[in-house]
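Enquirer: Quick one, what's the 3D model for this:
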Amino acid sequence: MGQNPTVYLNGLFQLVYAENPGAFLGLGGAWTREVRFVIFALIVFLGLGGMLWYLLKKENYKINLYAYTFILAGGFGNLWDRVFHEDGHVIDFMLMEIWGPLRTGVFNVADMFIVGGVLLALYGEYLVKRSESSRPKP
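Expert: Numbers count the residues shown, from 1 in each chain. Below is the predicted model of the structure:
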């Protein structure tokens, strides 16, 4: 906090401090603290609890178990920041400048887990559909 970005690999990867009051790319960041708390803390907590309950109650493929575990870990990580940070912000600190104007928003490790989990879940659904379509029809 309060330092210049640390740049690696000719600017491809940077460590930079940012407080995100909203969700993805700051969505909802202009809302009042109370509204942000209800939506980004209480509702997210209930959603993560529901996802955990579903995961524990339903028999899942191993790939889905990993995917939802990643999403839960990232979700609870960001929730922790939001609840225990003074202003209800999430601390983000990584930025990638891919090429020219093509760059990511500032993100954190929890965001990486959420995105990785979602991609893994989508891949898992693809594998399930593929295996179901390759089974002989009765």
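
Enquirer: Just the buried residues of stretch 105-112, please?
Expert: Buried positions in stretch 105-112, judged by neighbour count with 16 or more other C-beta atoms under 10 Å: 106-108, 110-111. From N, CA and C alone the C-beta is placed, and that goes for glycine too.

Enquirer: Span of it from start to end?
Expert: End-to-end distance of stretch 105-112 (C-alpha to C-alpha, to the nearest Å): 12 Å.

Enquirer: Could you list the residues in contact with the worst-scoring helix or strand of the chain on mean pLDDT?
Expert: The weakest-scoring helix or strand in the chain, judged by mean pLDDT, DSSP states H and E, is helix 33-37 (a mean of 87). For helix 33-37, contacts defined as C-beta atoms under 8 Å, 6 or more residues apart in numbering pick out 21-22, 28-29, 82, 87-88.

Enquirer: roughly how far is stretch 52-68 from the heart of the chain?
Expert: Distance, stretch centre to chain centre, for stretch 52-68: 17 Å (C-alpha atoms, centre = their mean, to the nearest Å).

Enquirer: How about that stretch, which residues are buried there?
Expert: So, applying 16+ other C-beta under 10 Å, buried residues of stretch 52-68: 55, 63-64, 66-68.

Enquirer: same deal with stretch 33-52?
Expert: Here stretch 33-52 shows 36, 40, 44, 48 as buried, counting by 16+ other C-beta under 10 Å.

Enquirer: got it, and stretch 113-127?
Expert: Going by 16+ other C-beta under 10 Å, stretch 113-127 has these buried residues: 113-114, 116-117, 120-121, 124.

Enquirer: Contacts for that stretch next, please.
Expert: 61, 63-64, 66-75, 77-78.

Enquirer: Please identify which of these is nearest to Trp99.
Expert: Closest to Trp99 out of the contacts of stretch 113-127 is Gly74 (26.4 Å), distances taken as C-beta to C-beta.

Enquirer: Confirm for me that that closest one is in contact with Asp81.
Expert: No: Gly74 lies out of contact with Asp81 (C-beta atoms under 8 Å); the separation is 11.1 Å.

Enquirer: Between these two, which contacts overlap?
Expert: Ala110.

Enquirer: When these two are compared, which one has more neighbours?
Expert: The neighbour count for Gly74 versus Asp81, taken as other C-beta atoms under 10 Å, is higher for Gly74 (22 against 18).
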